[in-house]
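A.B. asks: With the sequence up front, the predicted model follows.
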Protein chains: 2
Amino acid sequence: MLARETEGRLDPRVRRTRELLVRAFNELLAEKGHAGLTVQEIAERATINRATFYAHFRDQHELFDHVISEAFREELGRRLPSSPELCEENIRALILAACDYLAGLNTACSWKDRQFRPLIEARVQHELYEMLLSWIEASPQRPANGEIVACTASWAIFGAGLQWSRDEAGASADEVADQALRVIIDGLAGSAAVPTPRA
Amino acid sequence: MLARETEGRLDPRVRRTRELLVRAFNELLAEKGHAGLTVQEIAERATINRATFYAHFRDQHELFDHVISEAFREELGRRLPSSPELCEENIRALILAACDYLAGLNTACSWKDRQFRPLIEARVQHELYEMLLSWIEASPQRPANGEIVACTASWAIFGAGLQWSRDEAGASADEVADQALRVIIDGLAGSAAVPTPRA
DNA sequence: GGTTCGATGTTGGTTAAGCGACGGAAGGGC
DNA sequence: GCCCTTCCGTCGCTTAACCAACATCGAACC
């Protein structure tokens, strides 16, 4: 009964309610961390009724996922001014975004409780996947199994970014991006790690 | 059908809508001034439907009055930590608040268009009146004609404040407050401007 | 003059938000 | 064990916000 999501148009009340909830959640996250945060608290801060919360999110975890995804999508949006297509430049931006975002979690967002990092990381990978898939499906020669391609590549990008973010004093993000880019685009064969099977 | 104002309880949606409208109006006022501001613009900024606007304010002028009154009441609230009663200390705070608020209009709020100052000043006087009247009616020996007393005194305070705010390099606000306070409390007779009629 | 355009208030029907209450689960005290 | 509190997730009813119109007005503009 709520929110014809598929349509582009969306009831302004719905948009406003979600924005208020997201803002409130972000504020409380910054103030008190995630542990012990109640739905009541979030709803109150957002000036939204608690029951209305459940009309928009199944539970607090879903809101959490939504907020993380949105934050990472914003990070991506800042780095992807060019057209939405599958090209080296964009993939490189994806890698750098993953690096910076994941590294940022180690410093700025040194949460009281690190137990939520896996959840955040899962969202990052998922957003990489979604972005890649949208590019693949918009490309001229779209493969039949775009999902598998997107999945593999997104995990590759994610893995590179995560590894780099954990690696103190390693290579620069640019270097990582360049190397990972080669593997992702040309494959293992192209990266000279294995002999090319058909050469 | 909207907003049982008299009751203390007030639908949270109503409170939120009014706050959004007030905030939007203040923002637009700071950005573009008052001239040429449309209801449509205000409603849009507040993420409120234009029709809903009219469920809360008769027109833009009423919102304007509301905003000004609220700002001045806030100014008063900051200066009146003591109990709400008719005493020298509180009246003095009233005078000083009027002085500062009206003087502030000359500098910080140097609107593109000064034509709205009379409207603002009218609100200041009205708020002074309301505050005084509430004190008078709560006092032990409340006179029958509290309205006339409050009216006279509020205009006196307002006049003193306005004159001071216009007077460059005159007496300090404290001095004005002291002198005006004497006139207001002891009357012309007490201030020695005229001989006391019954002495 | 007449025409176009945009802002203003207003209306009735639709839809989402608020409220109060409910049962259930999780913890804390004793 | 048992009670007490607090949060959770859900439900039916009420109420306010949204929307798409509408007539009206005033300011260009020709």
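C.D. replies: Nice, I can see it.

A.B. asks: Helix or strand: which one has the closest residue in space to residue A:143 that isn't next to it in sequence?
C.D. replies: Distances taken as Cβ to Cβ, 6 or more residues apart in numbering or on different chains put residue A:149 closest to residue A:143, at 5.9 Å, once the chain neighbours are dropped. (Glycine included, C-beta is placed from N, CA and C.) Using DSSP states H and E, residue A:149 maps to helix A:146-166.

A.B. asks: go on, residue A:141?
C.D. replies: Residue A:141 is part of no helix or strand when elements are defined by DSSP H and E.

A.B. asks: and it, what pLDDT?
C.D. replies: We have a pLDDT of 84 for residue A:141.

A.B. asks: do the one 5 residues further on as well
C.D. replies: Model confidence at residue A:146, given as pLDDT, is 89.

A.B. asks: now swap in the one 4 residues further on and tell me
C.D. replies: According to the prediction, residue A:150 has pLDDT 93.

A.B. asks: Equivalent analysis for the one 10 residues further on, please.
C.D. replies: Note for residue A:160: predicted pLDDT of 94.

A.B. asks: Excluding sequence neighbours, find me the nearest residue to it.
C.D. replies: Counting by Cβ to Cβ, 6+ apart, residue A:180 is the residue found nearest to residue A:160 once chain neighbours are left out, at 4.0 Å.

A.B. asks: Go ahead and confirm the residue nearest to residue A:143 touches residue A:135.
C.D. replies: No - using Cβ atoms under 8 Å, residue A:149 makes no contact with residue A:135, being 10.3 Å away.

A.B. asks: who has more neighbours, those two?
C.D. replies: Taking neighbours as other Cβ atoms under 10 Å in any protein chain shown, residue A:149 and residue A:135 compare with residue A:135 leading, 21 against 16.

A.B. asks: how close does the nearest residue to the more buried one once chain neighbours are set aside get to DNA strand C?
C.D. replies: Once flanking residues are discounted, residue A:135 sits nearest to residue A:86: 4.2 Å by Cβ to Cβ, 6+ apart. Noted for residue A:86: a distance of 36 Å to DNA strand C, by Cβ to the nearest atom of the strand, to the nearest Å.

A.B. asks: Then residue A:139?
C.D. replies: Taking Cβ to the nearest atom of the strand, one finds residue A:139 at 35 Å from DNA strand C.

A.B. asks: ok, now how distant is that residue from residue B:34?
C.D. replies: 52 Å (Cβ to Cβ, to the nearest Å).

A.B. asks: Equivalent analysis for residue A:153, please.
C.D. replies: 55 Å.

A.B. asks: Please say which of those two ends up with more neighbours.
C.D. replies: Neighbour count, other Cβ under 10 Å: between residue A:153 and residue B:34, residue A:153 has more, with 22 against 16.

A.B. asks: about what we covered before: look at the residue nearest to residue A:135 and give its secondary structure.
C.D. replies: Put simply, residue A:86 is coil when judged by DSSP: H, G, I helix; E, B strand; the rest coil.

A.B. asks: DNA strand C contacts on chain A?
C.D. replies: For chain A, the residues in contact with DNA strand C (Cβ under 7 Å from any atom of the strand) are A:1-4, A:11, A:13-14, A:16-17, A:47-49, A:51-52, A:55-56.

A.B. asks: again, only using 10 Å
C.D. replies: Contact residues, chain A versus DNA strand C (Cβ under 10 Å from any atom of the strand): A:1-4, A:10-18, A:20-21, A:43-44, A:46-56.
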